[in-house]
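**Q** Curious how this folds, go ahead:
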Amino acid sequence: MTIPARAIAAVRPQASPGVLGGAAVVAAVFAATTFLLPSVASELNLPIGVTGLLSTAQVASFALAAFLAGRLLRPRRRLHYGGLLLAAVASLASGLAPNFGVLLATLFVSGLGLGTLTWIAWADATRFTRGLGDVAAIAPVTAAVVSPIIGWVIQHGGYRTVYLALGGLALLALFLPVDFGDLPRIGRKVSGSRSNLALLAGLAILSVGGSGVFIFTAATAASVQGLSPAAMSWAVSINAVFGVVATRLTARRGTAWLWLIGCAIPTLTIGVIASQMAFFVAMVIWGFAFWMAVPAIFRMLAERSITPSERVGDAQAVMAIGRVLGPVVGGLALGSGQFARLSVIGAVITVGAVVIVASVERVRARTGPVA
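**A** Below you'll find the predicted structure:
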């Protein structure tokens, strides 16, 4: 836990250590998923497409928790520590699961804790000037640190060891202090902005296209590029490092759609072009562009909200729903190993998000602060 904590401290965030630690646990779990699926498929003798259901189950409960917590609850220490404990116990149980069905159930439970922790972190971030950028930085910082470790553990200990390690990480995060501001309970009182609804749809579509491809990145790297799990882990780490750089910057108003194009192109490239150099370049661009675009869209949501934290739970929920559908769509596109088809379909879906966000930015530039 100390290495990720030091890396996180390097970006000088304003939130409390416990909030950032919880966000780091969530980021570590999702960073591990792309490595875990091929290992689960191999050890349990399952098709790689079927293992995408593990991500679907986990993210489905994540979406449910993020949405309900965002509407019904306020950040509280007891809620934060409860989310961590639930995630820890579920991860440990995943490492001990005797079969695929039990593993599916434990990951569904894990998602409830992870969704709660994510909502808390993003809602708390709205209290600070650069809070959204600070919390956004946690995911790539954590991924950059843990990806090489996970790649090594997968090769030498298998997927069970990874789940046990993630459970231990969540338990360690219980010892970090948390501090929350006075954030309102949202309830049903939300802004009537139609453009915000369009942005939420865009985030969902972005998540479908991106996660559908990214969840099978390790399998793509091995089959199309001939990369080992260790080499793949460094690609993910580099992707995350450039994501950290992006979170320290602020996209210019009206350019979120351009950064989304920067997500669509790598999505297409990694499964179509059989070149390790092109793969690494695509991962760099993808990491940077994604973390330029998403915080910019979150700021656009806040601009048309009654309170800055109003749409945080909704945004996390719709992105999680996208990550539920993404592995399903990706698994169907992938079939028995059609990686080029997977990339093409993922890119086309991502372009849908580009169109929506570009339209909202154009309308807002024309109509001003009321759309």
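
**Q** Can you give me the neighbour number for the residue nearest to residue 331 when sequence neighbours are not counted?
**A** Using CB to CB, 6 or more residues apart in numbering and skipping the chain neighbours, the partner closest in space to residue 331 is residue 49 (3.6 Å). For every residue, glycine as well, the C-beta is placed using N, CA and C. Neighbour count of residue 49, defined by other CB atoms under 10 Å: 22.

**Q** what separates whichever strand or helix holds residue 49 from the chain centre, distance-wise?
**A** Here residue 49, judged by DSSP states H and E, is contained in helix 48-72. Here helix 48-72 is found 11 Å from its chain centre; the criterion is CA atoms, centre = their mean, to the nearest Å.

**Q** What residues of that helix count as buried?
**A** 48-49, 51-71 (16 or more other CB atoms under 10 Å).

**Q** Show me what it is packed against.
**A** helix 17-44, helix 100-125, helix 312-334 (3 or more CB pairs under 8 Å, 6 or more residues apart in numbering; DSSP states H and E).

**Q** Can you convert the ones you listed into a markdown table and add a column each for distance to residue 363, mean neighbour count and mean pLDDT?
**A** Supplementary listing: these in a markdown table, determined by distance: least, CB to CB, whole Å; neighbours: other CB atoms under 10 Å; pLDDT from 0 to 100:
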| stretch | distance to residue 363 | mean neighbour count | mean pLDDT |
| --- | --- | --- | --- |
| helix 17-44 | 32 | 24 | 88 |
| helix 100-125 | 25 | 25 | 90 |
| helix 312-334 | 19 | 24 | 83 |
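
**Q** dump the residue contacts of the nearest residue to residue 68 once chain neighbours are set aside.
**A** Spatial nearest neighbour of residue 68, excluding adjacent residues (CB to CB, 6+ apart): residue 313 at 7.9 Å. Residues near residue 313 by CB atoms under 8 Å, 6 or more residues apart in numbering: 66-71, 119, 123, 186.

**Q** How about the contacts made by residue 161?
**A** Contacts of residue 161 (CB under 8 Å, 6+ apart): 95, 153.

**Q** and if you look at the one 3 residues further on?
**A** Neighbour list for residue 164: 91-92, 95-96 [criterion: CB under 8 Å, 6+ apart].

**Q** now residue 149
**A** residue 233.

**Q** Quick check: pLDDT value at it.
**A** Per-residue pLDDT puts residue 149 at 87.

**Q** ok, now how distant is it from residue 237?
**A** 10 Å (CB to CB, to the nearest Å).

**Q** circling back to that earlier point, can you check which of the helices and strands packed on helix 48-72 gets nearest to residue 211?
**A** helix 312-334 (3.2 Å; CB to CB).
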